[in-house]
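Novice: I would like to see how this sequence folds:
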Amino acid sequence: MSDALVIIPTYNEIENIEAIIRSVFSQEKAFHILVVDDNSPDETAKRVKTLQNKFPDQLFLLERNKKEGLGGAYIAGFKWALEKSYTYVFEMDADFSHNPDDLVKLYRACAEEGADVSVGSRYVKGITVVNWPLSRILLSYGASRYVRFITGMKVKDSTAGFICYRRAVLEAIDLNKVRFIGYAFQIEMKFKAYKKGFQIVEIPVIFKDRIKGKSKMSGSIISEAVFGVISLKLKSLFIKS
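Specialist: Below you'll find the predicted structure:
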């Protein structure tokens with residue numbers, strides 16, 4: 001039994017899913033994986049089920065009926081994890097933009113160094129992003145600066161999606177009241193943890209754009225992140241998270 005669960009949300013990740021699963025399981029630290037699949041037309045879930053025959057006690061699958069957003073997938077995964085005995089719960093993309101080799105760094109930050117939330121950060125030591133166009137770098141970096149200004153959080157990469165949470169953090173946050181589904185979800189989770197006084201640390205990682213498959217980035221996701229931050233801050237002034 002592992003104390004750490006890596007949640008990987010998927011939608012049409014057939015080109016990446018087997019490789020990312022095998023890479024996570026090859027780490028020196030024993031991790032379990034929960035794939036949360038939103039009924040991928042490319043049969044990503046079917047591939048995961050095949051792999052479950054090889055990793056029956058390590059690999060788990062949660063299937064949802066339709067594509068309902070990144071935030072919804074992670075919330076479903078968090079609730080699943082809390083029903084089990086995992087102490088550390090991770091968010092990670094399926095497309096290798098998050099390097100599985102960095103999982104141990106995030107784990108150690110929480111398990112050995114006292115952090116409540118560890119964030120794989122693209123901006124804690126300059127800008128460590130590979131293969132992104134300049135326009136996307138500026139958008140992401142600018143968004144993080146904007147979030148810091150509005151919320152007061154010291155986190156330099158607030159939209160990061162490569163994260164380790166201590167169980168206590170997820171238990172303290174009312175997951176049913178998390179409202180955003182896109183990149184604003186990442187901001188909202190960090191902000192709620194921050195408001196509750198949990199220690200958030202950033203671990204420098206190198207972020208690489210996906211090679212296989214299509215990006216899920218859209219204009220509506222960006223708008224949600226930009227305008228949702230103000231809503232989060234204003235709400236926090238009157239209501240405890």
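Novice: From V119, how far out is the closest residue in space to D102 that isn't next to it in sequence?
Specialist: Among residues not flanking D102 along the chain, V205 sits closest, at 4.8 Å (Cβ to Cβ, 6 or more residues apart in numbering). Any C-beta I mention is one placed from the backbone N, CA and C, and that applies to glycine too. From V205 across to V119, the span is 9 Å (Cβ to Cβ, to the nearest Å).
Novice: picking up where we left off before, distance of the residue nearest to D102 relative to E18?
Specialist: From V205 to E18 the distance is 23 Å (Cβ to Cβ).
Novice: which residues in the chain form strands?
Specialist: Here the chain has its strands, by DSSP state E, at 4-10, 32-37, 59-63, 88-91, 117-121, 129-130, 163-166, 200-204, 207-208.
Novice: Quick one: low-confidence residue ranges for the protein.
Specialist: Within the chain, the stretches with pLDDT under 70 are 131-133, 135-136, 138-139, 141, 210-241.
Novice: So what's the residue count around the closest residue to A45 other than its chain neighbours?
Specialist: Closest residue to A45 apart from its sequence neighbours, by Cβ to Cβ, 6+ apart: D37 at 4.3 Å. D37: 26 surrounding residues under other Cβ atoms under 10 Å.
Novice: what do you get for the one 5 residues further on?
Specialist: When neighbours are defined as other Cβ under 10 Å, D42 has 15 of them.
Novice: W80 contacts V35, correct?
Specialist: No. Between W80 and V35 no contact is recorded; they are 10.9 Å apart, counting by Cβ atoms under 8 Å.
Novice: Look at those two and report which has more neighbours.
Specialist: V35 (28 against 17).
Novice: In contact with that one: list those residues for me.
Specialist: Going by Cβ atoms under 8 Å, 6 or more residues apart in numbering, V35 touches 8-10, 17, 21, 44-45, 48, 59-62, 94.
Novice: Stretch 18-34: end-to-end distance?
Specialist: For stretch 18-34, the first-to-last residue distance is 13 Å (Cα to Cα, to the nearest Å).
Novice: Contacts for that stretch next, please.
Specialist: For stretch 18-34, the external contacting residues (Cβ under 8 Å, 6+ apart) are 2, 4-8, 13, 35, 47-48, 51, 55, 58-62, 77, 80-81, 86, 90, 92, 94-96, 100-101, 103-104, 107.
Novice: which parts of that stretch are buried?
Specialist: Buried residues in stretch 18-34, counting neighbours by 16 or more other Cβ atoms under 10 Å, are found at E18, I20, I21, V24, F25, Q27, F31, H32, I33, L34.
Novice: Can you tell me which of the residues you listed end up in helices?
Specialist: Secondary structure from DSSP state H places E18, I20, I21, V24, F25 of these in helices.
Novice: what's the distance between the second one and N99?
Specialist: Here I20 is placed at a distance of 10 Å from N99 (Cβ to Cβ).
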